[in-house]
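Undergrad: Sequence unavailable; structure follows:
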């Protein structure tokens, strides 16, 4: 296994255990503005790709369509460890992958893919009533299409080209960089 | 006080108390790659600017020199709240600001500004010896120039143009956007 991957996996297990692993995914908007938002790491593949699920109508997908560059940052507060994982993030549209990731989601998370487009304006009271109506309809829909994700559901795959770890428990701090082009060998850099 | 600012301040106090507030600052590299890294929020001004300290030789400063766009993301795990604060980040080079922020740093943090440029390659054993030597010298320097920050020390100011909060404790999740151009009034948007 890749050195950085075993270190990362083991640290995530120690820090989060069975809890969700939340990172911040940085992207670049079509007009070159910086953006970031929390994401849940759904899976870490054996070859080191990071799997997320998202709504195709979300801002981040819009960003990645014009610029696939992304960096996901994980902060592990107990271990005082930071991981930065940079690369290109693309949509995996294969049926098997979509079905597999969909099957692992809770009903509540599945439900979110049947709502209005994320980021659009919400009308106050009327809209809440509509939300409730559409929720009831959607919960039925979700039940009937349980194994088949809706078109709004997307699997996002970040393929790393550079990984960095920063350990704040040592003095001086220990910062290590791994690059795909250098065969992923660890390089110590100044913090 | 701005609505978003009072909500944000109060949430930070409840979540972190006296502990450091750590966010992820997203920037864009000169070749339009996405980047992110953890930062410590040093101060939140009464008019809503976010103050960070950094090394002028760091990657993020290099990024901001060509593209000042930045977004800082805060995840509050206990409250299950996310804040995204976007705007332009610039260096505040005024002597008063630099001295004020410098005066609040611990000796250990001050010391980091006297080391080699962040991100540069570290030579193994020899370099560690040099580190120790330069550390001893630098600790003396830090003592002698206590009130006067070194040239490597920079104060970074993020001036928000858009703020978003996302509350995961409600069903559906509550997402609220505030924009400077709209007088910071809260707008409910779909999560």
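TA: That came through fine. Here the structure is a predicted model, which is why all the values come from computation and not from measurement. Residues are numbered from 1 along each chain as shown, chains lettered A, B, ... in the order given.
Undergrad: alpha carbons only for contacts and neighbour counts from here, please
TA: Will do.
Undergrad: Run a quick neighbour tally on the closest residue to residue A:29 other than its chain neighbours.
TA: Ranked by CA to CA, 6 or more residues apart in numbering or on different chains and with sequence neighbours excluded, the top spatial neighbour of residue A:29 is residue A:63, at 4.8 Å. For residue A:63, the tally of surrounding residues (other CA atoms under 10 Å in any protein chain shown) stands at 21.
Undergrad: Please apply the same query to residue A:117.
TA: If you count neighbours by other CA under 10 Å, residue A:117 ends up with 18.
Undergrad: Enumerate every residue touching the closest residue to it other than its chain neighbours.
TA: In space, and not counting its chain neighbours, residue A:117 is closest to residue A:57: 5.9 Å by CA to CA, 6+ apart. By CA atoms under 8 Å, 6 or more residues apart in numbering or on different chains, residue A:57 lies in contact with A:117-118, A:152.
Undergrad: Relative to chain B, which of the residues you listed is nearest.
TA: residue A:118 (4.9 Å; CA to the nearest CA).
Undergrad: Number of residues surrounding that closest one?
TA: 18.
Undergrad: can you list the contacts of residue A:57 in CSV and add secondary structure?
TA: Listed next are the contacts of residue A:57 as CSV, based on DSSP: H, G, I helix; E, B strand; the rest coil:
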residue, secondary structure
A:117, coil
A:118, coil
A:152, coil
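Undergrad: helix or strand for the spatially most central residue of chain A, which one?
TA: Nearest to the mean C-alpha position of chain A, counting by CA atoms, centre = their mean, stands residue A:52 at 3.7 Å. In this structure, residue A:52 is located in strand A:50-55 according to DSSP states H and E.
Undergrad: So for that strand, mean pLDDT?
TA: Model confidence over strand A:50-55, given as mean pLDDT, is 98.
Undergrad: now do stretch A:30-44
TA: Average pLDDT, stretch A:30-44: 98.
Undergrad: roughly how far is that stretch from the heart of the chain?
TA: Chain-centre distance of stretch A:30-44: 7 Å, with CA atoms, centre = their mean, to the nearest Å.
Undergrad: Buried residues of the longest strand seen in chain A, list them for me.
TA: The single longest strand within chain A, with elements called by DSSP state E, is strand A:153-167. For strand A:153-167, burial by neighbour count (16 or more other CA atoms under 10 Å in any protein chain shown) applies to A:153-167.
Undergrad: likewise stretch A:108-122?
TA: Judged by neighbour count (16+ other CA under 10 Å), stretch A:108-122 contains these buried residues: A:110-119, A:121-122.
Undergrad: again with stretch A:69-81
TA: For stretch A:69-81, a neighbour-count test (16+ other CA under 10 Å) marks A:69-76, A:81 as buried.
Undergrad: Now render the residues you listed as JSON lines, adding secondary structure.
TA: Compiled in JSON lines, those are given as follows (three-state DSSP):
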{"residue": "A:69", "secondary structure": "strand"}
{"residue": "A:70", "secondary structure": "strand"}
{"residue": "A:71", "secondary structure": "strand"}
{"residue": "A:72", "secondary structure": "strand"}
{"residue": "A:73", "secondary structure": "strand"}
{"residue": "A:74", "secondary structure": "strand"}
{"residue": "A:75", "secondary structure": "strand"}
{"residue": "A:76", "secondary structure": "strand"}
{"residue": "A:81", "secondary structure": "strand"}
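Undergrad: contacts with chain B among these, please.
TA: For chain B, the contacts drawn from those by CA under 8 Å from any CA of the partner chain are A:69-73, A:75.
Undergrad: show me where chain A has strands.
TA: Under the criterion DSSP E, strands of chain A are mapped to A:22-28, A:34-40, A:43-44, A:50-55, A:69-76, A:81-92, A:153-167, A:174-179, A:187-189.
Undergrad: gap between residue A:171 and chain B?
TA: The gap separating residue A:171 from chain B is 9 Å, by CA to the nearest CA, to the nearest Å.
Undergrad: How many residues are close by that residue?
TA: By other CA under 10 Å, the burial measure for residue A:171, its neighbour count, is 8.
Undergrad: how much space between it and residue B:109?
TA: Look at residue A:171 and residue B:109: by CA to CA, to the nearest Å, they are 11 Å apart.
Undergrad: do residue A:123 as well
TA: 48 Å.
Undergrad: Neighbours of residue A:58, how many?
TA: Per other CA under 10 Å, the neighbour tally for residue A:58 reads 15.
Undergrad: re earlier: closest to residue B:182 among the contacts of residue A:57?
TA: residue A:118 (20.1 Å; CA to CA).
Undergrad: hang on, the closest one packs against residue B:176?
TA: No - contact status for residue A:118 versus residue B:176: not in contact, 11.6 Å apart, counting by CA atoms under 8 Å.
Undergrad: shared neighbours, those two?
TA: With CA under 8 Å, 6+ apart, residue A:118 and residue B:176 have common neighbours residue B:189.
Undergrad: Quick check: the farthest pair among the buried residues of strand A:153-167?
TA: The distance between the two most remote of the buried residues of strand A:153-167 (CA to CA) is 35.6 Å, for A:153 and A:167.
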